[in-house]
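Visitor: mind folding the following:
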Amino acid sequence: MEALVVYITAPNEEEAAKIAKILVEERLAGCVNIIKDIRSIYSWQGKLEDEKEVLMIVKTRLELFSALTSKVKELHSYTVPEVIAMPIVDGSEEYIKWLKEATTQNQ
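Guide: Next up, the predicted model:
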């Protein structure tokens, strides 16, 4: 199993929590951490933006990334939500086992 950490930003904690709950309920993610009060500076439509956001740190599996991304796009208020993944190159055996179980559909 190839495990991933996925970063997703959202405009506020309420929207992040709504998305996180659905991702976990649908077993597209094993866990989602929500970090409040980040500051994002980025270019959007030719304009420099400086906004407060929240960051979701999602733990999932590579084979679920496409479905997770589709679900985030369906639920998210942004036109182009940030959904970026990084591989988990190592982790405790127990945690990786739990992640696999938590994201298996037939439970």
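Visitor: what count of nearby residues applies to Ala10?
Guide: Burial measure for Ala10: 24 neighbouring residues, criterion other Cβ atoms under 10 Å. C-betas here are computed from N, CA, C, even on glycine.
Visitor: and the helices in the chain, which stretches?
Guide: 13-25, 65-75, 93-102 (DSSP state H).
Visitor: right, and the ones you listed - which one's nearest Ile38?
Guide: helix 13-25 (10.9 Å; Cβ to Cβ).
Visitor: in stretch 5-20, what counts as buried?
Guide: 6, 8-10, 15-16, 19-20 (16 or more other Cβ atoms under 10 Å).
Visitor: I should have written stretch 19-29 there, sorry.
Guide: Result for stretch 19-29 [16+ other Cβ under 10 Å]: buried residues 19-20, 22-24, 27-29.
Visitor: which of the helices of the chain sits closest to Val54?
Guide: helix 13-25 (4.7 Å).
Visitor: that closest one: how far from the chain's middle?
Guide: Relative to the centre of its chain, helix 13-25 is centred 9 Å away, using Cα atoms, centre = their mean, to the nearest Å.
Visitor: what lies in contact with that helix?
Guide: Contacts to helix 13-25, defined as Cβ atoms under 8 Å, 6 or more residues apart in numbering, come from residues 8, 10, 29-32, 34, 36, 54, 56, 58, 60, 68, 71-72, 75-77, 102.
Visitor: switch the cut-off to 10 Å
Guide: 6, 8-10, 12, 28-37, 53-60, 64, 67-68, 71-72, 74-78, 81, 102-103 (Cβ atoms under 10 Å, 6 or more residues apart in numbering).
Visitor: show the end-to-end separation of stretch 81-89, please.
Guide: Taking Cα to Cα, to the nearest Å, stretch 81-89 runs 25 Å from one end to the other.
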